[in-house]
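[1] sequence below, structure please.
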Amino acid sequence: SILRDGVTASGVYPTFAAWFAALPANLVSADEVHILNVEAKAGGYTGVTLDLTGITTDATHYVKIQAASGHRHAGVFDTSKAMFKLPAANTAPWLLATNFLYLDGLQIDHSGITGSANSLTIQGQTSATNKIQITGCIFTGTGSGGSALFNTIKVYEGASGYAKLYLGSNIFQDIQNTSYPNSTGVACVRLEYGQVYAYGNTFANCSSGFSGGNATYQFLLKNNLVAGKQFSAGRTDYQIGAGGLATGSTNNLSSDATATGANAQINKTVAFVSATDYHLAGSDTSALGLGVNLSADGTFPVTTDIDATTISTPYSIGADSESAVVNTLTVTGPATGTIYQHIGGVQSFTVTGTYTGTLTAIKARIVQFGTNTPISGFDWATVVASPTGNAFSFAFTDAPKGAGWYGVQVQDTVDSSINAVGGKVGIGEYVCIAGQSNGNRFLTVGSGTVSDLVRAFGNGYTGWQPPTGAGPAAFGAAFATAYGCPVGLINTA
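    Numbers count the residues shown, from 1 in each chain. Predicted coordinates for the structure are as follows:
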């Protein structure tokens, strides 16, 4: 089915109420699944209420309400995309009283609240086997005045405690009583009776993220990012009751000290893209790449983020899977096999390279190639104090003529795991082959075993390469042995 403003056609409904009126009361006996694809309407669908009381569903006969293709938000609240504006005066505008319901990619705004309210209420589940799953949605909502105590989602199946809410990769933003922005009576997710499985959600500039729970009715929380106090110092990010955090909760973040469970990240300041875009900034160091992998979670596998993008590892904390910037180093020059002519037993040469991420500084040394044995006088030293622009260049001055090949090693000055090794570099002798074309034949005709210390450059060769002719096999080996260093045969013939 399609929700398309003002249009009536086969399978197309002009209003939310029209779609609901056509929904069978018992999807199990009707043997149906109902999926509503919500298209955008200018300013959103306003005053929308939903009461699923009496709608019979099961695991294979369910209701799903999702943003239509091309009408889904891009991870930022956008009034030109699929959006519902709930009536401010309604204390429970969406009553999700059925066993199996899925919401995906929607935007839900419940603003203007002046009294007690629950935007979405999870109750009425009649079987221990049930799932209310909300993924990839953006929630916002505000209230004002001393009586505005409200929850975006309240899990309240008091009769049985059956309710099971699964929250994955959602953003809750700017949910607060503007008169009392630090009020503990305002929460994004409040648990009274049931179970909540919340994985990879972001709560930004909200009075409180999670509230409630006890030893019987628990939260299982993984990779949740709650940054309320970051925006207002008097807030409490997690208000979970005694015993209310289930075993297995891990990698949750708070901007105060209230995140608990394994590997809790507390008192963190998160770098967001902007004051209205709660994707993680590429420069963030508090949540980027610090989550636990949820792709094969036994309870609730989560593989896509707020943008419906497949999450790559490492997982981040929160709803955004912005990949953590990986710090790497690469040596691009000198090209492997390069030989420099010594002058008075020494020669200088330049090293170039690239890097990704943010490096502290770069240090380098010259070693005997294939070993970690430094050349005397050329052990570790800082060569680039403040890397910028993802590229680097520095010079070694007066490196000595060597009996074999050298290698260049580079590292971050703080994290030695960020490192790279260049190719073979030689300080030795040049022999120039010039004159008639017979000289060229000397380097290219015939075959033989050529010493590894010999390289050719120039006519017939691209860069510094091991020569193939019979001449270099005999002459090059003899010359390298006589002079005790790498030999470069320069062909200009």
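[2] let me see the contact set for the residue nearest to residue 99 when sequence neighbours are not counted.
    Sequence neighbours aside, residue 130 is the residue nearest to residue 99 in space, at 4.0 Å (criterion: CB to CB, 6 or more residues apart in numbering). For every residue, glycine as well, the C-beta is placed using N, CA and C. Contact analysis of residue 130 by CB atoms under 8 Å, 6 or more residues apart in numbering lists 99-100, 162-164.
[3] 10 Å - rerun?
    57-59, 98-101, 122, 124, 157, 160, 162-165, 194 (CB atoms under 10 Å, 6 or more residues apart in numbering).
[4] ok, now residue 190?
    Residue 190 makes contact with 118, 150-156, 196, 208, 210-213, 239 under the criterion CB under 10 Å, 6+ apart.
[5] nearest residue to residue 410 in space, please, no chain neighbours.
    Using CB to CB, 6+ apart, the closest residue to residue 410 is residue 364 (4.7 Å).
[6] may I see the buried residues of the host helix or strand of the one you found?
    Using DSSP states H and E, residue 364 sits within strand 362-368. In terms of neighbour count (16 or more other CB atoms under 10 Å), strand 362-368 has its buried residues at 362-367.
[7] would you map the strands across the stretch 301-450 of the chain?
    328-333, 338-341, 346-356, 362-368, 381-384, 391-400, 406-412, 419-421, 425-433 (DSSP state E, counting those that start in this stretch).
[8] adding mean pLDDT and distance to residue 179, write these out as JSON lines.
    Listed next are the strands of the stretch 301-450 of the chain as JSON lines, based on pLDDT from 0 to 100; distance: least, CB to CB, whole Å:
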{"stretch": "strand 328-333", "mean pLDDT": "95", "distance to residue 179": "50"}
{"stretch": "strand 338-341", "mean pLDDT": "97", "distance to residue 179": "71"}
{"stretch": "strand 346-356", "mean pLDDT": "96", "distance to residue 179": "47"}
{"stretch": "strand 362-368", "mean pLDDT": "97", "distance to residue 179": "53"}
{"stretch": "strand 381-384", "mean pLDDT": "97", "distance to residue 179": "54"}
{"stretch": "strand 391-400", "mean pLDDT": "98", "distance to residue 179": "53"}
{"stretch": "strand 406-412", "mean pLDDT": "96", "distance to residue 179": "50"}
{"stretch": "strand 419-421", "mean pLDDT": "95", "distance to residue 179": "55"}
{"stretch": "strand 425-433", "mean pLDDT": "94", "distance to residue 179": "70"}
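[9] so how far is whatever helix or strand residue 457 lives in from its chain's centroid?
    In this structure, residue 457 is located in strand 454-458 according to DSSP H and E. Mean-position distance between strand 454-458 and its chain equals 46 Å (CA atoms, centre = their mean, to the nearest Å).
[10] got the angle between that strand and strand 425-433?
    Following axes from the mean of the first three to the mean of the last three CA atoms, to 10 degrees, one obtains 60 degrees for the angle between strand 454-458 and strand 425-433.
[11] which residues of the chain score low on pLDDT?
    Scanning the chain for pLDDT under 70 picks out the ranges 323-326.
[12] got a list of what the residue sitting furthest away from the middle of it touches?
    The C-alpha centroid of the chain is most remote from residue 436, which lies 61.7 Å away (CA atoms, centre = their mean). Shown in contact with residue 436 (CB under 10 Å, 6+ apart): 442, 493.
[13] so how far is residue 381 from it?
    Applying CB to CB, to the nearest Å, the value for residue 436 to residue 381 is 48 Å.
[14] just residue 228 next, same as before
    Using CB to CB, one obtains 47 Å as the distance from residue 228 to residue 381.
[15] strands - which of the contacts of residue 190 land there?
    118, 150-156, 196, 210-212, 239 (DSSP state E).
[16] and the furthest pair within these?
    Farthest-apart pair in those is 150 and 196; separation 17.6 Å (CB to CB).
[17] please consider this matter closed, and thank you.
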